[in-house]
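J.: Here's my sequence, what's the structure:
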Amino acid sequence: MNKYPVITGPTASGKTALAVKVAQALDGEIISADSRQIYAGMDIGTGKDLEEYGNVRYHLIDIVPAGYKYNLYEYLRDARAAVTDISARGKLPVVCGGTGMYLEALIRGTNLPEVPENKELRKQLATKSLDELTAILAEMKTLHNTTDVDTAKRAVRAIEIQTYYLEHPELSPDVSPMEPDKNAVIIGVDIDRESRRRRISARLQSRLDTGMIEEVKKLLDSGIPAENLIYYGLEYKFITLYLTGELTKQEMIDSLEIAIHQFAKRQMTWFRGMERRGFEIHWLPYDINPDIFVEKVTALLQ
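T.: Residues are numbered from 1 along each chain as shown. Next up, the predicted model:
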């Protein structure tokens with residue numbers, strides 16, 4: 001097989017377990033497409049569930065320390081290297097994850113330059129509020145989602161990147177040549193809204209019961225600044241706000257649950273957008289028999 005599966009879907013859809021079944025059946029290895037599972041020590045909150053992998057080898061999980069700011073350029077570099085390595089060894093790459101931006105850039109063949117830090121620009125932006133930074137960024141590019149402006153640090157980095165592209169227009173992703181990966185076959189795990197909401201709520205309670213708060217406290221105690229954990233969003237943002245006294249425990253739980261539901265909705269919006277942008281996603285139900293899922297994926301690859 002030259003083709004390989006890219007298995008995606010919203011959070012709590014069960015895509016990881018299904019991807020592992022495919023890897024086990026087709027002699028494959030998993031390449032994570034999750035923007036937070038790359039961080040070591042961030043396990044419960046990111047839902048690594050490494051016990052699900054069994055003897056299946058995985059890539060792009062636990063590759064940088066918590067507190068690091070991994071980016072899309074690094075992901076494309078590392079994911080492409082993993083695809084090449086796995087294929088060269090006669091194995092099947094199985095990409096699995098729900099970070100739509102990572103997946104789309106990988107499949108589209110996006111080329112990104114390594115944007116260096118602009119210390120002078122960062123100094124100029126240091127005193128500006130998040131609203132002011134958002135306004136600056138909105139003048140530089142269309143804001144398709146809120147990821148770039150979740151925090152001031154993210155917004156500054158986004159402005160830094162756009163400034164670099166303005167100064168080096170020949171390197172902009174809009175003009176640099178792209179070579180779409182025609183071997184990637186996208187399989188979406190489809191889950192209805194009510195089932196998704198139910199699974200998100202149950203999973204959140206389970207993670208709270210099994211040490212997610214303690215995990216974040218351990219990261220803080222290790223010296224990682226609170227603002228760095230807030231940068232990662234969702235579980236790490238709201239639990240950090242609770243541990244630093246800005247939210248009560250119940251406020252944290254309620255706010256986090258709402259945020260995860262909103263996140264899942266944004267994921268689906270991204271996937272639908274991908275379809276409008278010309279990507280074919282083969283949707284299969286989340287509660288499908290795993291063996292039948294493998295059969296259908298195998299047929300799509302052939």
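J.: Listing request: residues of the protein with sub-threshold pLDDT.
T.: 1, 144-150, 174-177 (pLDDT under 70).
J.: where along it do the helices fall?
T.: Counting by DSSP state H, the chain has helices at residues 15-25, 72-88, 100-108, 119-125, 130-140, 152-167, 193-209, 212-221, 226-231, 234-243, 249-276, 290-301.
J.: Turn those helices into JSON lines, columns for distance to Lys182 and mean neighbour count.
T.: The way it works is simple: take the backbone N, C-alpha and C, and place the C-beta from them, glycine included. Output for the helices of the chain, formatted as JSON lines (distance: least, CB to CB, whole Å; neighbours: other CB atoms under 10 Å):
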{"stretch": "helix 15-25", "distance to Lys182": "20", "mean neighbour count": "22"}
{"stretch": "helix 72-88", "distance to Lys182": "13", "mean neighbour count": "16"}
{"stretch": "helix 100-108", "distance to Lys182": "9", "mean neighbour count": "21"}
{"stretch": "helix 119-125", "distance to Lys182": "38", "mean neighbour count": "12"}
{"stretch": "helix 130-140", "distance to Lys182": "32", "mean neighbour count": "15"}
{"stretch": "helix 152-167", "distance to Lys182": "27", "mean neighbour count": "18"}
{"stretch": "helix 193-209", "distance to Lys182": "31", "mean neighbour count": "15"}
{"stretch": "helix 212-221", "distance to Lys182": "40", "mean neighbour count": "18"}
{"stretch": "helix 226-231", "distance to Lys182": "35", "mean neighbour count": "18"}
{"stretch": "helix 234-243", "distance to Lys182": "34", "mean neighbour count": "23"}
{"stretch": "helix 249-276", "distance to Lys182": "16", "mean neighbour count": "16"}
{"stretch": "helix 290-301", "distance to Lys182": "13", "mean neighbour count": "15"}
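J.: For Gly45, find the nearest of the ones you listed.
T.: helix 234-243 (3.6 Å; CB to CB).
J.: now the closest residue to Ala19 other than its chain neighbours: how far from Gly28?
T.: Excluding the flanking residues, the one nearest Ala19 by CB to CB, 6 or more residues apart in numbering is Cys96, at 3.7 Å. Here the criterion is CB to CB, to the nearest Å. By it, Cys96 lies 10 Å from Gly28.
J.: The two: which has the busier surroundings?
T.: Set Cys96 next to Gly28 and count neighbours by other CB atoms under 10 Å: Cys96 wins out with 26 against 22.
J.: Can you name the residues bridging to that one?
T.: Ile7, Ser32 (DSSP bridges).
J.: For it, list the residues it contacts.
T.: Val6, Ile7, Thr8, Lys15, Thr16, Ala19, Ile30, Ile31, Ser32, Ala33 (CB atoms under 8 Å, 6 or more residues apart in numbering).
J.: just these now: which is nearest Tyr70?
T.: Distances from Tyr70 to these, taken by CB to CB, are shortest for Ser32, at 11.7 Å.
J.: so that closest one touches Val94, yeah?
T.: No. Using CB atoms under 8 Å, Ser32 is not in contact with Val94; the gap is 10.1 Å.
J.: ok, the longest strand seen in the chain: who's next to it in the sheet?
T.: With secondary structure taken from DSSP state E, the chain has its longest strand at strand 184-190. Its sheet considered, strand 184-190 pairs with strand 4-8 (parallel), strand 281-285 (parallel) by DSSP bridges.
J.: Roughly how far does the residue nearest to Ala19 sit from Val115?
T.: Following CB to CB, the distance that separates Cys96 from Val115 is 27 Å.
J.: again with Ile200
T.: Counting by CB to CB, the gap from Ile200 to Val115 is 34 Å.
J.: again with Leu72
T.: From Leu72 to Val115 the distance is 10 Å (CB to CB).
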